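J.: pasting a predicted model and its sequence here:
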Amino acid sequence: MGQVAARIAGRMTPVGDQVMAQGQGAAECVANAHAGRGHAKEESGDWEGAIADFTAAIALDPRHADADVSRGLLKAGMGDRQGASKDFDQAIAIHPNDGKAYWNRGVSKSILGDKIEGCLDYRKASELGELKAASHLVSVRGAWCRALV
């Protein structure tokens with residue numbers, strides 16, 4: 001059932017690959033299908049449709065951190081940095097070791113003017129192995145962050 005639901009979305013998600021092995025319920029299967037379809041819509045340029053699918057995935061499975069991060073990235077790309085930060089907050093609450101979520105929240109916070117919190121997120125992301133954060137912190141562009149904290 002899990003693989004079938006994820007394939008209906010047009011693409012297997014990393015979570016979708018493990019649905020049957022983990023014995024997840026119908027809500028999780030449908031959430032994974034929405035997330036998979038959201039990724040497909042994102043790739044085709046339908047960002048609003050992708051956001052709707054990620055939102056549906058989160059409604060069905062509030063612990064779907066991949067959907068939170070993906071929706072946050074799209075919101076950020078559309079200029080909604082506040083909404084993006086909230087999605088990254090939720091992803092971090094679910095998976096506190098997700099360097100990608102910290103990195104992206106740091107970018108959003110920095111753009112919103114909260115440089116210190118952004119810098120702290122960059123540092124946490126780097127500690128968690130997020131390569132973008134590590135290279136940013138040692139680059140000329142990251143000098144402001146090194147000076148702040």
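T.: Thanks, I have it.
J.: residues contacting the nearest residue to residue 63 once chain neighbours are set aside?
T.: Spatial nearest neighbour of residue 63, excluding adjacent residues (C-beta to C-beta, 6 or more residues apart in numbering): residue 94 at 5.2 Å. All C-beta spots, glycine's among them, are computed from the backbone N, C-alpha and C. Contact analysis of residue 94 by C-beta atoms under 8 Å, 6 or more residues apart in numbering lists 63, 65, 68.
J.: what number of residues lie near the second one?
T.: Around residue 65 sit 22 other residues, with neighbours defined as other C-beta atoms under 10 Å.
J.: that one and residue 119, how far apart?
T.: According to C-beta to C-beta, to the nearest Å, residue 65 and residue 119 sit 23 Å apart.
J.: mind jotting down where the strands sit in this protein?
T.: In the chain, no strands are found when defined by DSSP state E.
J.: got the domain ranges for it?
T.: The chain is divided into the following domains under automatic domain parsing: 1-95, 99-149.
J.: and those domains, which one is worst for confidence?
T.: For these, mean pLDDT drops lowest on domain 1-95, to a mean of 83.
J.: for this structure, just list every one of the helices.
T.: 2-8, 19-22, 26-44, 47-60, 65-77, 81-94, 99-111, 115-127, 131-138, 143-148 (DSSP state H).
J.: circling back: can I get the contacts of residue 94 in CSV with distance to residue 54?
T.: Shown next, in CSV, are the contacts of residue 94 (distance: C-beta to C-beta, whole Å):
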residue, distance to residue 54
63, 14
65, 11
68, 8
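J.: just give me the closest of these to residue 34.
T.: Checking the contacts of residue 94 against residue 34 by C-beta to C-beta gives residue 68 as the nearest, at 12.8 Å.
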